[in-house]
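**Q** Got a predicted model here, sequence first, then my questions.
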Amino acid sequence: EPEVTQTPSHQVTQMGQEVILRCVPISNHLYFYWYRQILGQKVEFLVSFYNNEISEKSEIFDDQFSVERPDGSNFTLKIRSTKLEDSAMYFCARAGTTRDSPLHFGNGTRLTVT
Amino acid sequence: DAKTTQPPSMDCAEGRAANLPCNHSTISGNEYVYWYRQIHSQGPQYIIHGLKNNETNEMASLIITEDRKSSTLILPHATLRDTAVYYCIVRDNFGNEKLTFGTGTRLTIIP
């Protein structure tokens, strides 16, 4: 069973529209991550989030992307103006506070941009 | 950018032990070895991790060589549900660092 719930499981949107992907960790953890996987390609890191701040982001995570934890529970990834190449699986992950705490992933949101 | 090398694919007969190798010759003293798998398009699933000692849990065993330059993930009695892509990842643990995924090993369990 995934320890992270992601909604929606599948989102279809038109190019240029804004989308918000949501992640609800079951336990109260401080470390959160977003990854994406374009069909047939590697799982790619987007951003990590700790204590309500971005701690690291990749080159992919440009100004079109933002993350927040608005209510202390849900962790969201917003894409402001979607492009065709944003079509991918988006995975949220969380980790505990010990140094070697593994990341636990949700089952992802499949984003399709048309 | 991945610091590990894995064979692209392997087959294993159902019921036999699956031994998945990983080379990480540039691993540093504070880096752990993690193993994940991805079944179809599901989220990566954590399997096991270790620093220098061998580890075992309900899913698998992890054997790390004494020089830490390589490791082997062992699935003791492979089932068809173990068919997946397996990722060996070296991760620095100074501050809950991200995981960097490579291309992994596609393991196919044959009936």
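**A** Received the coordinates, thanks.
**Q** And residue 104, its phi and psi?
**A** You didn't say which chain, so I picked chain A. phi -120, psi 130 (degrees, to the nearest 10).
**Q** hmm, I had chain B in mind actually
**A** According to degrees, to the nearest 10, B:Gly104 has phi 70, psi -170.
**Q** what does B:Gln45 give?
**A** Reported as degrees, to the nearest 10, the phi and psi values for B:Gln45 are phi -110, psi 130.
**Q** ok, the residue lying closest to it once chain neighbours are set aside - how many residues close by?
**A** Nearest-residue entry for B:Gln45: B:Arg37, 5.3 Å, with adjacent residues in sequence omitted and distances by Cβ to Cβ, 6 or more residues apart in numbering or on different chains. For the C-beta atoms, the positions are set from N, CA and C on the backbone; glycine is no exception. By the criterion of other Cβ atoms under 10 Å in any protein chain shown, B:Arg37 has 23 neighbours.
**Q** Distance from the chain centre to the helix or strand encompassing B:Arg37, please.
**A** Assigned by DSSP states H and E, B:Arg37 falls within strand B:31-38. With Cα atoms, centre = their mean, to the nearest Å as the basis, strand B:31-38 stands 5 Å off its chain's centre.
**Q** same question for it, mean pLDDT?
**A** The pLDDT scores in strand B:31-38 average 96.
**Q** Mind giving me the packing neighbours of that strand?
**A** Counting contacts by 3 or more Cβ pairs under 8 Å, 6 or more residues apart in numbering or on different chains; DSSP states H and E, strand B:31-38 is packed against strand B:18-23, strand B:45-50, strand B:61-64, strand B:84-92.
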